[in-house]
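**Q** With the sequence up front, the predicted model follows.
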Amino acid sequence: MKIGFIGLGIMGSRMASNLLKAHYELVVYNRSKSKAIDLIEKGASFTNSVEELAAQSDIVFTMLSTPDVVREIAELMLPQLKAASWWVDCSTVNPSFSREMNQLSKKHNIRFVDAPVAGSKGPAEAGELLFLAGGKEEELEDLAPFFNAMGKKTLYLNEVGNGANVKMLINLLLAQSMTAFSEAMNLGKGMGMDESLLLNILTATPVVAPFLSAIKPRLEQGIFDVNFPLKWIHKDIMLALDTASEVGVSMPSLDQTESLYKMALGKGLGDEDFSAIYKSV
């Protein structure tokens with residue numbers, strides 16, 4: 001069985017590498033071939049087009065930046081896939097878009113599942129991602145070996161769109177936890193308290209999100225090299241706000257969080273890690 005992987009950014013390149021480590025035959029595509037060099041050296045084949053990759057793949061994984069990019073790839077890929085092939089979209093997109101892609105896939109007799117992941121660069125490299133799969137376990141049993149090669153656990157969420165649902169909730173909590181902590185630190189420093197002392201105290205309390213303890217050394221040193229680009233968490237916030245509008249749910253605090261990340265983008269922080277909001281609020 002040949003696996004296709006499209007999108008070799010921070011996450012996709014590491015996920016694809018773990019498929020190679022599990023001895024799967026892998027063919028990859030990325031707009032910039034330079035991002036595929038390491039995978040090619042490890043044994044992956046590179047194709048010059050999405051269509052070429054689709055024609056020779058039994059399962060295709062996509063890990064792409066935005067719904068617009070996913071749609072562009074889908075329109076090229078789906079007509080070339082063999083009937084009953086799998087398309088597993090690991091991109092972070094809005095749930096209504098995942099359901100739309102499912103309907104589009106059905107028109108081509110392709111089996112679709114949204115399976116975004118929780119975890120950043122480190123877990124992706126270590127094969128310790130959490131997969132959020134929009135389907136029942138018994139329906140997706142063909143995919144379990146591949147999820148296991150790239151992740152430590154898979155949550156099966158019953159139906160298409162639920163993977164995207166849960167990923168959206170995780171990312172909005174991530175974004176808001178980071179801004180709330182950054183504002184608390186800023187206020188503490190404004191009241192004359194030592195930054196290092198505050199970091200040690202606040203990250204030891206149960207009210208602070210656990211991931212903040214893990215990134216405390218980065219905050220202390222002012223290191224914001226990219227695990228999850230700030231521009232993409234802003235994109236995810238916008239997707240969540242769009243979805244909230246679709247379902248008629250008010251999100252006033254998320255509106256304010258979006259404005260903080262937008263301000264950070266205006267300061268040129270988009271390509272830094274999302275935790276760079278720490279120096280922006």
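**A** All right, it came through fine.

**Q** Now do the contacts for the most centrally placed residue in the chain.
**A** The C-alpha lying nearest the average C-alpha coordinate of the chain belongs to T92 (Cα atoms, centre = their mean; 5.0 Å). By Cβ atoms under 8 Å, 6 or more residues apart in numbering, the residues touching T92 are 116, 164, 167-168, 171, 232, 235-236, 239. Using the backbone N, CA and C atoms, a C-beta is placed for each residue, glycine as well.

**Q** how does the chain divide up, domain by domain?
**A** Domains of the chain are assigned by automatic domain parsing as 2-158, 165-279.

**Q** Kindly check the end-to-end length of the last one for me.
**A** The separation between the terminal residues of domain 165-279, taken as Cα to Cα, to the nearest Å, is 30 Å.

**Q** Distance from the chain centre to that domain, please.
**A** 16 Å (Cα atoms, centre = their mean, to the nearest Å).

**Q** ok, now which ones touch L132?
**A** Contacts for L132 (Cβ under 8 Å, 6+ apart) come out as 114-118, 155, 157, 162-163, 166-167.

**Q** would JSON lines of those with distance to A276 be doable?
**A** Formatted as JSON lines, the contacts of L132 follow (distance: Cβ to Cβ, whole Å):
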{"residue": "D114", "distance to A276": "29"}
{"residue": "A115", "distance to A276": "28"}
{"residue": "P116", "distance to A276": "23"}
{"residue": "V117", "distance to A276": "22"}
{"residue": "A118", "distance to A276": "21"}
{"residue": "L155", "distance to A276": "30"}
{"residue": "L157", "distance to A276": "31"}
{"residue": "N162", "distance to A276": "31"}
{"residue": "G163", "distance to A276": "28"}
{"residue": "V166", "distance to A276": "26"}
{"residue": "K167", "distance to A276": "22"}
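
**Q** in the stretch 151-281 of the chain, which spans are strands?
**A** In the stretch 151-281 of the chain, the strands defined using DSSP state E, counting those that start in this stretch lie at 151-156.

**Q** Buried ones in the biggest helix by length in the chain, by neighbour count?
**A** In the chain, taking DSSP state H as the definition, the longest helix is helix 162-190. Using 16 or more other Cβ atoms under 10 Å as the burial criterion, the residues of helix 162-190 that qualify are 162-168, 170-172, 174-182, 185-186, 188.

**Q** what mean pLDDT would you report for that helix?
**A** Average pLDDT, helix 162-190: 98.

**Q** Same question for stretch 119-135.
**A** 97.

**Q** Hmm, W87 is touching L81, no?
**A** Yes. The pair W87 and L81 passes the contact test of Cβ atoms under 8 Å, sitting 7.0 Å apart.

**Q** Find residues that contact each of these two.
**A** 60, 110.

**Q** all helices for the stretch 1-150 of the chain, in order.
**A** 10-21, 37-41, 50-55, 67-77, 95-107, 121-126, 144-150 (DSSP state H, counting those that start in this stretch).

**Q** Format these as CSV; extra columns: distance to A264 and mean neighbour count.
**A** What follows is the helices of the stretch 1-150 of the chain, written out as CSV (distance: least, Cβ to Cβ, whole Å; neighbours: other Cβ atoms under 10 Å):
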stretch, distance to A264, mean neighbour count
helix 10-21, 19, 22
helix 37-41, 31, 14
helix 50-55, 33, 20
helix 67-77, 22, 18
helix 95-107, 25, 18
helix 121-126, 20, 17
helix 144-150, 30, 18
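
**Q** Same list, the ones you listed, but as CSV with distance to Y29 please.
**A** Output for the helices of the stretch 1-150 of the chain, formatted as CSV (distance: least, Cβ to Cβ, whole Å):
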stretch, distance to Y29
helix 10-21, 10
helix 37-41, 11
helix 50-55, 5
helix 67-77, 9
helix 95-107, 18
helix 121-126, 18
helix 144-150, 17
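
**Q** what's the closest of those helices to S259?
**A** helix 67-77 (22.1 Å; Cβ to Cβ).

**Q** Show me what that closest one is in contact with.
**A** With Cβ under 8 Å, 6+ apart, helix 67-77 has contacts from 6, 49-51, 53-54, 60, 62, 64, 87, 89, 91, 93-94, 97, 101, 104-105, 239.

**Q** mean confidence score for it?
**A** For helix 67-77, the mean per-residue pLDDT is 98.
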